[in-house]
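Asks: I'll drop the sequence and a predicted model, then ask my questions.
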Amino acid sequence: MVSSPFHDLDRETLPNPVSPGHSPEGPHRLYLCLSGPSTADQSPATVKIAHLADLHLGYRAYHRSTPRGVNQRESDVAEAFRRAVAQVVELQPDLVLIAGDVFHTVRPSNTAIAEAFRQLSVLTERLPDVPVVMIAGNHDSPRSADTGNILCLFREIENVHVVFEESRAVRLPELDASVLCMPHVSLSADHRTTIEPDPRAKHNFLLVHAEVLDKEGEPRYRSEFGGAQVPESAIRPKAWTYVALGHHHMPAALAPNAWYAGATERTSAFIWQEKTPKGFLLFDTDTGRAEFQEVETRPLVDLPWIEAKGLSAAEVDERIRTAVESLEGGIDGKIVRQVVSDVPRALVRELNHRRVREWKAEALHFHLDPRPPQIRRRVAAGAPTRRLTLKEQVESFLGRWEPTRDQIDGPELVKLGAEYVDRAGEAA
């Protein structure tokens, strides 16, 4: 997890990173004027923003390929982006914001790079007067500055503005707007930045890829690990026209004008939590409302859990078959999970695995997830005791472990370990 420069700060204005040519004394701002002189008198009274995030192009899963040899899930993710771009063009926004994690890795495949370049080119060609501002997220930010960032390639596309290192504001005079861009790297412990709107602009937008923390220091929402953390008090939604967030993979609001857009496809480590539709947001500065725009994706089906306690293998087989066959439209091409709880391993071996293999061949991915019962044992005194769960074992181990560095908070580490186990269990 990336630490944040904001953890112990309650101030609304924070010191900026020092860069060559700037004074290290006091806060300062770096503005990038990209569109010539101010045209505030000609700027629109209202601005419509298409807010996308977490595209994760190049994501791969399951061992299935398209006829062209591309991983099927990689193809699905690219198709979702194509559909999102087509819908954005139809909506005719005034500004497009992409809040990080354009790619799933820092070194995406050539196919993913080409697809991203192609679709961004389509977007700017069909909306020639609409600026596109994007930032890097934790997935597409190299740890080493020497590696370089693939997102810089998109600066070659007219009207696409990319920020992937230090925080900076992109001035858009034609909209009388400023977009303060805060990519993942700018929120690391080695950077300091000012989170303040530009007083010269009528419309101020904040573009951030991070995990937002509540007053207790807990994540407001979490569907991914590894992101930088920012306290909600540092963001101050009321100071902005709109706050466009990335990192959380499901649409969620911090305030009426501050939203996570969610991902355009299911690419997190916890896809079974992502049962809601995928897509992006359209925000209107006049109405102050964000509207979710659904993008069609490959169906994800989590069948009702089956409680197997006291059932024979034949009875469990029949319940699984009934659940699968009752699925409207069948399982062909879908991502499907069937959890069977309280089922002994010996009984799992007796299930009809030939039928399960047939379902796996029919679906894009069929996951039969048997969960063993909790085992109780007796100690020498004869009192029944319960075997420690994995979560309890983790808590016990971390509680006894002596931290090797002063910066490690022992109780917080125990709490975090238990939370990771809970999240893994929910996603399984």
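Replies: Nice, I can see it.
Asks: List the buried residues for the strand or helix carrying E294?
Replies: In this assignment (DSSP states H and E), E294 forms part of strand 289-295. The neighbour-count check on strand 289-295 (16 or more other CB atoms under 10 Å) flags A290, F292, Q293, V295 as buried. Every C-beta, even on glycine, is put in place using the N, C-alpha and C of the backbone.
Asks: What of stretch 256-266?
Replies: If you call a residue buried by 16+ other CB under 10 Å, then stretch 256-266 has these buried ones: N257, A258, W259, Y260, A261, G262, A263, T264, E265, R266.
Asks: Need the CA coordinates for the strand holding E294. PDB is fine.
Replies: Extracted C-alpha coordinates of strand 289-295, given in PDB (Å, rounded to 0.1, in the frame of the first residue of the first chain):
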ATOM      1  CA  ARG A 289     -26.500  15.800 -11.100                       C
ATOM      2  CA  ALA A 290     -24.400  12.800 -12.100                       C
ATOM      3  CA  GLU A 291     -26.100  10.200 -14.300                       C
ATOM      4  CA  PHE A 292     -24.700   6.700 -14.600                       C
ATOM      5  CA  GLN A 293     -24.300   5.500 -18.200                       C
ATOM      6  CA  GLU A 294     -24.400   1.700 -18.400                       C
ATOM      7  CA  VAL A 295     -22.000  -0.100 -20.700                       C
END
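Asks: which stretches of the stretch 301-428 of the chain have low pLDDT?
Replies: Counting by pLDDT under 70, the ranges of the stretch 301-428 of the chain that qualify are 375-388, 392, 395-396, 398-412, 422-428.
Asks: Kindly recompute the last result at 80.
Replies: By pLDDT under 80, the weakly predicted segments of the stretch 301-428 of the chain are 374-428.
Asks: one step back: and the buried residues of strand 289-295, which two are the farthest apart?
Replies: Spatially, the most separated pair among those is A290 and V295, at 15.6 Å (CB to CB).
Asks: thinking again about what came up before, make JSON lines from the buried residues of strand 289-295 and add distance to R321 to it.
Replies: Converted to JSON lines, the buried residues of strand 289-295 look like this (distance: CB to CB, whole Å):
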{"residue": "A290", "distance to R321": "43"}
{"residue": "F292", "distance to R321": "36"}
{"residue": "Q293", "distance to R321": "38"}
{"residue": "V295", "distance to R321": "33"}
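Asks: can you put these in TSV and add pLDDT and distance to R83?
Replies: Formatted as TSV, the buried residues of strand 289-295 follow (pLDDT from 0 to 100; distance: CB to CB, whole Å):
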residue	pLDDT	distance to R83
A290	97	19
F292	98	14
Q293	98	10
V295	98	5
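Asks: helix/strand/coil for F154?
Replies: Here F154 takes the helix state, with states given by DSSP: H, G, I helix; E, B strand; the rest coil.
Asks: What's the separation between it and D140?
Replies: Separation of F154 from D140 (CB to CB, to the nearest Å) stands at 11 Å.
Asks: If you count surrounding residues, which of the two has more?
Replies: Summary of the neighbour comparison: F154 and D140, criterion other CB atoms under 10 Å, with D140 having more neighbours (28 against 21).
Asks: From what I see, that one and G100 are in contact.
Replies: Yes - D140 lies in contact with G100 (CB atoms under 8 Å); the separation is 7.4 Å.
Asks: Now for E362: which residues touch it?
Replies: Contact partners of E362, counting by CB atoms under 8 Å, 6 or more residues apart in numbering, are G330, I331, D332.
Asks: Give me the buried subset of those.
Replies: Listed as buried from the contacts of E362 are I331; burial here means 16+ other CB under 10 Å.
Asks: Can you add secondary structure and distance to I135 and give the contacts of E362 back as a markdown table?
Replies: Formatted as a markdown table, the entries for the contacts of E362 read as follows, by DSSP: H, G, I helix; E, B strand; the rest coil; distance: CB to CB, whole Å:
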| residue | secondary structure | distance to I135 |
| --- | --- | --- |
| G330 | coil | 41 |
| I331 | coil | 38 |
| D332 | coil | 39 |
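Asks: quick one: which of the contacts of E362 is nearest to E218?
Replies: Out of these, the member with the shortest distance to E218 (by CB to CB) is I331, at 37.7 Å.
Asks: hang on, isn't the closest one packed against H367?
Replies: No - in this structure, I331 is not within contact of H367 by CB under 8 Å, at 11.3 Å.
Asks: ok, which stretches of the stretch 101-250 of the chain are helices?
Replies: Secondary structure of the stretch 101-250 of the chain, counting by DSSP state H, counting those that start in this stretch: helices at 110-126, 232-235.
Asks: Go through the first one and flag the buried ones.
Replies: For helix 110-126, the buried set under the neighbour-count rule, 16+ other CB under 10 Å, comprises T111, A112, I113, E115, A116, Q119, L120, S121, L123, T124.
Asks: Now the element after whichever helix in the chain runs longest, going C-ward?
Replies: When the chain is parsed with DSSP state H, its longest helix is helix 72-91. The element immediately downstream of helix 72-91 (helix or strand, assigned by DSSP H and E) is strand 95-99.
Asks: distance between that next one and the chain's centre?
Replies: A distance of 15 Å separates the centroid of the chain from that of strand 95-99, by CA atoms, centre = their mean, to the nearest Å.
Asks: Then stretch 112-126?
Replies: Remark: stretch 112-126 is offset 21 Å from the chain centroid, using CA atoms, centre = their mean.
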